[in-house]
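J.: Got a sequence here, can you model it:
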Amino acid sequence: MAAIEVHNLCKRYGKVTALDHLSFTVEKGELFGLIGPDGAGKTTLFRLLATLLNPDEGSATVEGFDIVGDYREIREIVGYMPGRFSLYQDLSVEENLDFFAALFGTRVADAYELIEPVYKQIEPFKTRRAGKLSGGMKQKLALSCALIHRPKVLFLDEPTTGVDAVSRSEFWDMLSDLKQRGITILVSTPYMDEASRCDRVALCNEGRILTIDTPCHIVENFDKRLYAVSGDNMFTLLNVSRAVSGVVECYPFGSAHHIVADAAFNENEFIAQATLAGVRNVDVYPAEPTIEDVFINLMKQ
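T.: Have a look, this model is predicted:
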């Protein structure tokens with residue numbers, strides 16, 4: 001039995017379909033990522049699985065418990081960290097932990113071994129009010145509170161949004177450690193670079209899943225010709241690139257633009273046309289695809 005099973009799950013808000021017949025499974029002990037932009041339906045999915053909402057269609061189970069009929073059992077075995085910081089800002093770090101431990105009829109000391117790798121980084125500030133913590137420290141406190149009752153499954157909704165790069169990396173290191181302890185983790189993120197830290201990922205958009213696979217397999221299945229282009233005037237180069245023969249798609253990508261090309265694309269002809277349009281120092285070279293390239297390509301289909 002999988003830790004999470006979702007079958008044709010649908011949720012609508014009036015005329016807006018937030019989830020459109022989603023189906024997928026998450027195995028026990030797996031770190032599974034939901035990758036997609038705002039509006040993809042990730043938060044709605046978490047609220048359904050955490051039994052805060054009921055679906056309009058379809059079904060889902062968490063550790064064998066139905067999200068509608070067995071909501072009490074599910075709430076005992078899951079830890080949920082919503083996208084927005086939702087702890088008590090006027091309580092201190094340790095007061096928040098004590099409060100959430102009391103809700104589950106346990107003590108911080110009983111789960112300290114589990115939360116220690118996370119909590120020890122903020123323990124020196126345990127008397128500080130939660131509202132006065134930095135973004136990264138708030139996320140570590142929220143994760144500690146979500147773990148206080150030793151859940152079997154963790155739901156983490158965009159836990160690193162708005163957090164600095166160092167704290168993001170530290171947070172994912174902590175998730176890897178929790179995975180090694182056998183906890184099933186379902187995590188969402190709008191950051192494509194975080195996909196590589198997951199065992200499997202689902203690329204999501206507008207309430208649908210575009211594809212599910214390991215990060216490596218998703219990239220390996222990108223079968224288009226891909227180039228990176230740069231020049232002195234990147235905005236002009238972007239517009240010129242989209243008009244050149246053989247260019248299927250062109251979009252900004254870091255310090256360069258990425259071009260998806262077909263068989264008609266010729267590098268020398270591209271440089272000539274870009275130079276004629278006034279772009280100097282044009283450079284074109286083959287690029288290795290990333291999760292972001294795959295995602296953009298799937299959205300265009």
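J.: switch to C-alpha atoms for all contacts and neighbour counts from now on
T.: Noted.
J.: what's downstream of the host helix or strand of T44, the next helix or strand?
T.: According to DSSP states H and E, T44 maps onto helix 42-49. Proceeding N to C from helix 42-49, the next assigned helix or strand is strand 57-62, under DSSP H and E.
J.: Give me the contact list for that next one.
T.: 3-11, 21, 49, 66-67, 74 (Cα atoms under 8 Å, 6 or more residues apart in numbering).
J.: partners of the helix or strand following it in the sheet?
T.: Next along the chain after strand 57-62, taking DSSP H and E as the criterion, comes strand 65-66. Looking at strand 65-66 with DSSP bridges, its partner strands are strand 57-62 (antiparallel).
J.: how far off helix 42-49 does the partner strand point, in degrees?
T.: Counting by axes from the mean of the first three to the mean of the last three Cα atoms, to 10 degrees, strand 57-62 lies at 70 degrees to helix 42-49.
J.: how close does the residue nearest to R47 when sequence neighbours are not counted get to I67?
T.: Leaving aside its sequence neighbours, R47 sits nearest to L53 (Cα to Cα, 6 or more residues apart in numbering; 5.7 Å). Per Cα to Cα, to the nearest Å, L53 is found 9 Å from I67.
J.: Give the closest residue to S86 in space, chain neighbours not counted.
T.: A142 (8.0 Å).
J.: typo on my end, M174
T.: Using Cα to Cα, 6+ apart, the nearest residue to M174 is V118, at 6.7 Å.
J.: so the one you found sits in a strand?
T.: No: under DSSP: H, G, I helix; E, B strand; the rest coil, V118 sits outside any strand and is assigned helix.
J.: What is the neighbour count of it?
T.: Neighbour count of V118, defined by other Cα atoms under 10 Å: 25.
J.: Surely it is in contact with K140?
T.: Yes: applying Cα atoms under 8 Å, one finds V118 in contact with K140, separated by 6.1 Å.
J.: check contacts around the closest residue in space to E288 that isn't next to it in sequence.
T.: Closest residue to E288 apart from its sequence neighbours, by Cα to Cα, 6+ apart: L226 at 7.2 Å. Residues counted as contacts of L226 (Cα under 8 Å, 6+ apart) are H258, I259, V260, A261, P286, A287, E288, P289.
J.: ok, now with 10 Å
T.: 247, 249-250, 258-262, 285-289, 293 (Cα atoms under 10 Å, 6 or more residues apart in numbering).
J.: try R12
T.: A18, L19, D20, T44, P55, D56, E57, G207.
J.: what's the closest of these to R242?
T.: G207 (29.0 Å; Cα to Cα).
J.: and the gap between that closest one and S134?
T.: In terms of Cα to Cα, G207 sits 32 Å off from S134.
J.: can you give me the helices for this protein?
T.: 42-49, 71-77, 93-103, 108-119, 135-147, 165-180, 215-220, 234-241, 267-276, 291-300 (DSSP state H).
J.: Deepest in the core, which of the ones you listed is it.
T.: helix 135-147 (a mean of 23; mean count of other Cα atoms under 10 Å).
J.: And it, what does it pack against?
T.: strand 78-81, helix 93-103, helix 108-119, strand 153-157, helix 165-180 (3 or more Cα pairs under 10 Å, 6 or more residues apart in numbering; DSSP states H and E).
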